[in-house]
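In: Next come a sequence and a model predicted from it.
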Amino acid sequence: MTPRLRWLPAAALVFAAHVPAAAQQSAPAADPAAARVNALADEMVAIFLKRSPEIGTLYGLPGASHEGLTDNSLAAFTAFQRVEDDYRRRVLAVDPAPLRGRPEYVTLAFLREQVESGEQGRVCRGELWNVDQMFGWQVQTPQLAAVQPVGTPDLRRQALARFRLVPRSIDNETASLREGMRLGYTAPKVNVRRVIEQLEMLTSGAPGDSPFASPALRDTSDAFRRQWLALVADSINPAIRRHRDFLANEYLPRARDAIGVSAHANGAACYQARVRSFTTLSDRDPQWIHRTGLAQMEKIQAEMLQIARRSFGTDDVPALLERMRTDTAFTFRSREQILAYVDSAIARSKREMPKWFGRLPQADVVVDPYLPFEERSAAGASYEQPAADGSRPGRYRINLFEPEKQSRAGMESTAFHEAIPGHHLQLALAMERPQAHLVTRMLGNSGFSEGWGLYAERLADEMGLFSGDVDRMGLLSNEALRAARMVVDPGMHVLGWTRRQAVDYMLRHTAEPRTGVDNEVDRYIAWPGQATAYMTGMLEIRRLREMAERELGPRFDIRAFHDRVLEDGTVPLPLLREKIERWIAEEKAKP
């Protein structure tokens, strides 16, 4: 699972005077249409950095400023929507046809998807009920602190200037939630309780132990360290406590009991918009998603049965999955054992990559466990891409919470999904395209990204990377998890399922531990539609590969196919389909 940035807007307007030279990505174009697209893309990058200067730090953009925070007030949000409206009209006025086959054709597809899905998503009014234990401000702002540059007088000044704005930003979140309550938009109680728990952990220790303390701990200046820890103790922690008290005393009693987004006005339209924003496909309605999930689950269960009979001497797949969750023969004994298991899987994958891919990333990937305050509510794993300037590797973040309750089944498959040949390969290659416009290196979508991650898990089996049938059951369990997401996500948000129904369905069909299933289901509740992207994207990539194999026969080259899929970054799925169909036609036309 790749994390989203809550600061990324859907569209942009130019503020070129405030943009680092490195972010001005457009090269001289041979015709006016291409020049127009590059200028529009420059505008999008510019507004990202003007509205949300944190992005320059998080992405490691050369020349980026490291001070300033997003103005997350409702007034700023409303003003930005007017900017979006103007920008969207200008993007949609560009005719893509003359650009076909040019890099600007890909860039325009990115821009069009951003502005169209952004407009469709307004119906959700998400700015009014942003209480999210996965990627809320209380998770992402400490992550920003962890990469905030320090070490020189100017960098120290920028860091202090930026994080002095954090209390105001937190208070803006409170104000937005109050307005949401007034208008009838609230987050589900289950997610609010999760966030309250995180906020309590953020302020439970000494300032030097806070996740916000990272800049002080990485700097050699005693004076800066004193200033920074005083900022945490006297300004940031009190603001966190204010927000925590607001959530517990004022918001939680009025938060919605219903878990589905359909409880809101225009909830069904919101769910459809969220599905489109994550998958880039506008024709996937909740019933199609639900039915597809059920059909895929039936196929996966049949494969599980074969392995259960072959290697475990049983026809009872649910009972075998339960054993894999709870039997100490299948679980870990320590955090160190998990780390060693994952390191070994990634090392095997690195050795085999040249046989399956023509182009490999320069950036390395490292295993980086979640911080203690994140563990209880975090997913099992996630990935954070490397810095654009090469200063940071990719990070495979893994949850080591309660290792004795974590099954070996699925651990290798998840590593292949998040690291290699999954997200690290895909996102590092996307970033390492200096000739491509920055907007196509920064932006993406879950349909392609998570679809590739899930495709990579099955590919890892083709590559011979799994240790044995326990791990292959983990592969199938991971696929079953994604099929289950297709079933339970629209089930909860549109079709009337309860949280208990969703939990029971996932426990019955996957090897996920109970704690993991609880976290997963609560994530789907907080993040409508995203969970549908994995299986949707994987099915499309697999369909395109099968079509290429069928059409090209013995001329099919798996390395060339993979390079074509990944060469333009995390593209919208309709563009990927068009691109692979054109590649097949070109290959067939060769003598």
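Out: Everything's here; your move.
In: Please name the residues that touch residue 36.
Out: residue 94 (CB atoms under 8 Å, 6 or more residues apart in numbering). Placement of C-beta: from N, CA and C, glycine included.
In: Tell me which stretches of this structure form strands.
Out: Secondary structure of the chain, counting by DSSP state E: strands at 365-369, 381-384, 394-398.
In: tell me what the shortest one is packed against?
Out: To tie it back to what came earlier, the one meant is strand 381-384. For strand 381-384, the elements it packs on are strand 394-398, helix 411-418, helix 423-431, judged by 3 or more CB pairs under 8 Å, 6 or more residues apart in numbering; DSSP states H and E.
In: any idea which of these is most buried?
Out: Mean neighbour count (mean count of other CB atoms under 10 Å) peaks for helix 411-418 among the helices and strands packed on strand 381-384, with a mean of 27.
In: What lies in contact with that one?
Out: With CB under 8 Å, 6+ apart as the criterion, helix 411-418 contacts 1, 338, 341-342, 345-346, 349, 380-383, 396-397, 422-424, 453-454, 456-457, 459-460, 465-467, 471, 474-475, 477-478.
In: ditto for stretch 334-348
Out: So stretch 334-348 is contacted by 332, 365, 367, 369, 396, 398, 400, 403, 406, 408, 411-412, 415-416, 419-420, 465, 467 (CB under 8 Å, 6+ apart).
In: Then stretch 241-258?
Out: The contact list for stretch 241-258 (CB under 8 Å, 6+ apart) reads 131, 170-171, 173-174, 177-178, 181, 186-189, 192-193, 195-196, 199-200, 203, 263.
In: chain center to it, what's the gap?
Out: Remark: stretch 241-258 is offset 26 Å from the chain centroid, using CA atoms, centre = their mean, to the nearest Å.
In: Show me which of the contacts of helix 411-418 are buried.
Out: Buried members of the contacts of helix 411-418, scored by 16 or more other CB atoms under 10 Å, are 1, 338, 341-342, 345-346, 349, 380-383, 396-397, 422-424, 453-454, 456-457, 459-460, 465-466, 471, 474-475, 477-478.
In: can you put the helices and strands packed on strand 381-384 in CSV and add mean pLDDT and distance to residue 375?
Out: Shown next, in CSV, are the helices and strands packed on strand 381-384 (pLDDT from 0 to 100; distance: least, CB to CB, whole Å):
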stretch, mean pLDDT, distance to residue 375
strand 394-398, 94, 10
helix 411-418, 96, 16
helix 423-431, 93, 21
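In: Can you say which of those is nearest to residue 89?
Out: helix 423-431 (28.2 Å; CB to CB).
In: how big is the angle separating the closest one from helix 411-418?
Out: 10 degrees (axes from the mean of the first three to the mean of the last three CA atoms, to 10 degrees).
In: can you list contacts of helix 423-431?
Out: 2, 353, 357, 359-363, 365, 383, 385-386, 388, 394, 396, 417-418, 440-441, 444, 449, 452-453, 456, 566-567, 569-570.
In: Give the buried residues for stretch 544-554.
Out: Quick answer for stretch 544-554 (16+ other CB under 10 Å): 544-545, 548, 552.
In: what about that stretch, distance to the chain center?
Out: Averaging C-alpha positions (CA atoms, centre = their mean) puts stretch 544-554 30 Å from its chain's average.
In: Who are the packing partners of the longest helix along the chain?
Out: Longest helix in the chain by number of residues (criterion: DSSP state H): helix 286-312. On a contact count with 3+ CB pairs under 8 Å, 6+ apart, helix 286-312 meets helix 267-279, helix 317-326, helix 469-493, helix 533-552.
In: hmm, 10 Å instead?
Out: Applying 3 or more CB pairs under 10 Å, 6 or more residues apart in numbering; DSSP states H and E, one finds that helix 286-312 contacts helix 267-279, helix 317-326, helix 469-493, helix 499-509, helix 533-552.
In: Can you give the distance of the last one from its chain's centre?
Out: The one in question is helix 533-552. Mean-position distance between helix 533-552 and its chain equals 21 Å (CA atoms, centre = their mean).
In: relative orientation of that helix and helix 267-279 in degrees?
Out: Interaxial angle, helix 533-552 versus helix 267-279 (the same axes, to 10 degrees): 50 degrees.
In: tell me the average confidence for helix 533-552?
Out: Helix 533-552 comes out with an average pLDDT of 97.
In: quick one on the thing from earlier: among the contacts of stretch 241-258, name the ones in helices.
Out: Going by DSSP H, the helices hold 170-171, 173-174, 177-178, 181, 189, 192-193, 195-196, 199-200 from these.
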